[in-house]
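Colleague: sequence below, structure please.
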Amino acid sequence: MKPCEHDELMTILVTGADGYVGWPTALRIADRTDERVVGVDNLARREWVERVGSVSAAPIASPDERLAAAAETGRGNLSLVEGDLVDRAFVDEVLAVHEPGTVVHAAAQPSAPYSQINGERANDTQHNNLQSTRNLLFGLHEAGLSDTHVIETTTTGVYGAPEFPIPEGGATMKNQGERDEVPFPAMSGSWYHTTKSFDAANLRLASKQFGLPVSDVRTAIVYGNETEETRQDDRLATRLDFDYYFGTVANRFCAQVVAGYPVTVYGRGEQRKPFVSLEDAVEGLARLALSDPADRPADLTVYNQVTRAISIVEIAETIASVGSESGLDASIEHFENPREEDETHQMEIENARYIELIGDQRVDFEAGMGDVFDVFTARSDVIEAHEDCFLPNVLEE
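Modeller: Next up, the predicted model:
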């Protein structure tokens with residue numbers, strides 16, 4: 001790895017830059033600045049999806065093809081370094097060469113179901129996610145880069161599903177007449193979500209001990225597959241997964257419709273989940289990455305990156321409606337719920353800080369599902385060939 005030219009320019013490091021959110025985020029940042037944007041990725045997401053027998057519905061170009069398309073569309077300041085953040089020596093080398101002023105940390109094994117497969121996958125998930133974050137935090141501190149703005153995509157899943165409104169970050173605790181703000185208790189429900197709870201705690205600790213300015217961006221379930229940048233060239237497309245392990249519930253419902261099956265709702269399906277469009281998630285991360293140093297947090301700030309909560313049955317109804325408009329035979333069927341969950345939980349989550357950051361929502365859920373259907377219908381042969389990856393047991397019997 002050779003030192004970069006134009007040392008007077010600052011470097012923005014984007015980890016997980018080959019991923020679903022990381023890639024379009026790197027594109028947007030590169031589009032809005034002349035500074036160097038260096039992506040880092042070990043390309044593991046491609047391997048993990050292949051390991052569970054699935055593929056991305058949207059064809060994704062190789063890293064070299066992606067970079068060529070980025071350069072041809074005016075983003076010659078974007079580069080990609082292949083390597084594993086679990087390797088401390090690699091992290092130290094990247095930081096020494098590029099000395100980033102900002103790090104957008106989007107690298108992780110992101111699937112709760114994948115982390116639940118067995119003990120090996122749980123261990124892999126926790127080792128990968130926690131070691132990567134610790135390596136970055138200690139690497140920045142020990143390299144003397146304590147002014148570097150660290151922006152990490154954690155998850156709203158760290159909150160669990162409490163019966164009261166979820167604050168944007170901490171909670172106020174009262175005891176014997178005294179009160180103080182404390183971190184929200186970790187209530188995660190999977191081995192993956194627990195890694196993000198630990199990351200949140202480690203980010204807070206690193207901010208306190210090392211003086212790092214930190215933005216903990218707790219990202220909701222992301223929907224859609226298009227941004228302003230990915231629409232410019234097919235080679236710039238980000239991935240779009242539909243399998244049980246890496247596809248969201250919305251993507252799996254869309255795949256069911258395209259494959260000729262009903263949308264399956266367990267129980268009443270009135271429980272609500274937090275959502276944000278890919279476009280809005282990318283915008284939030286880009287604005288933080290490009291914020292003026294004077295406006296960056298002095299210590300740690302939490303953002304709930306969510307635009308609205310949507311119930312499972314509303315997701316199903318919207319997808320059935322959009323599918324019908326696309327000429328597909330879309331119906332909804334309710335089945336007995338095999339899971340132990342509150343089918344009527346009305347999640348309330350505060351997001352004022354995040355909305356102030358991005359302004360108005362850019363892509364609503366219906367429009368996001370329209371984009372997904374465009375890809376799925378064009379690639380219906382791929383969807384149908386992998387139906388074993390997304391059909392629930394109630395449709396396989």
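
Colleague: and the residue nearest to Gln271 when sequence neighbours are not counted, how many neighbours does it have?
Modeller: Sequence neighbours aside, His345 is the residue nearest to Gln271 in space, at 4.2 Å (criterion: C-beta to C-beta, 6 or more residues apart in numbering). In this view, the C-beta of every residue, glycine as well, is placed from N, C-alpha and C. Counted with other C-beta atoms under 10 Å, the neighbours of His345 add up to 16.

Colleague: could you do Asn251 as well?
Modeller: 24.

Colleague: pull the CA atoms of the helix or strand containing it into CSV?
Modeller: Here Asn251 sits within helix 249-258, counting by DSSP states H and E. Coordinates of each C-alpha in helix 249-258 appear next as CSV, following Å, rounded to 0.1, in the frame of the first residue of the first chain:
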residue,chain,number,x,y,z
VAL,A,249,-39.2,-8.9,5.4
ALA,A,250,-40.4,-6.4,2.7
ASN,A,251,-38.0,-7.9,0.1
ARG,A,252,-39.2,-11.4,0.9
PHE,A,253,-42.8,-10.4,0.6
CYS,A,254,-42.1,-8.9,-2.8
ALA,A,255,-40.3,-12.1,-3.9
GLN,A,256,-43.3,-14.2,-2.8
VAL,A,257,-45.6,-12.1,-5.1
VAL,A,258,-43.2,-12.3,-8.1
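
Colleague: which other helices and strands contact that helix?
Modeller: strand 221-223, strand 263-266, helix 312-325, helix 365-378, helix 380-385 (3 or more C-beta pairs under 8 Å, 6 or more residues apart in numbering; DSSP states H and E).

Colleague: which residues does Cys389 contact?
Modeller: Val52, Gly53, Ser54, Phe242, Asp243, Tyr244 (C-beta atoms under 8 Å, 6 or more residues apart in numbering).

Colleague: now it. Nearest residue, chain neighbours left out?
Modeller: Asp243 (3.7 Å).

Colleague: now do the contacts for the one you found.
Modeller: Applying C-beta under 8 Å, 6+ apart, the residues near Asp243 are Val49, Val52, Gly53, Ser54, Arg252, His386, Cys389, Phe390.

Colleague: hey, which of the helices and strands packed on helix 249-258 is tucked in deepest?
Modeller: Ranked by average neighbour count under the criterion mean count of other C-beta atoms under 10 Å, the helices and strands packed on helix 249-258 are headed by strand 221-223 at a mean of 23.

Colleague: coming back round to it: ranking the contacts of Cys389 by neighbours, who comes first?
Modeller: Phe242 leads those on contacts (other C-beta under 10 Å) with 30 neighbours.

Colleague: isn't that residue up against Cys254?
Modeller: Yes: judged on C-beta atoms under 8 Å, Phe242 makes contact with Cys254 at a distance of 7.1 Å.

Colleague: now for these two: what residues contact both?
Modeller: The contact lists of Phe242 and Cys254 share Phe376, where a contact means C-beta under 8 Å, 6+ apart.

Colleague: now do the helices in the chain.
Modeller: 22-32, 44-51, 63-72, 88-98, 112-115, 119-142, 191-210, 249-258, 278-289, 312-325, 352-358, 365-378, 380-385, 393-396 (DSSP state H).
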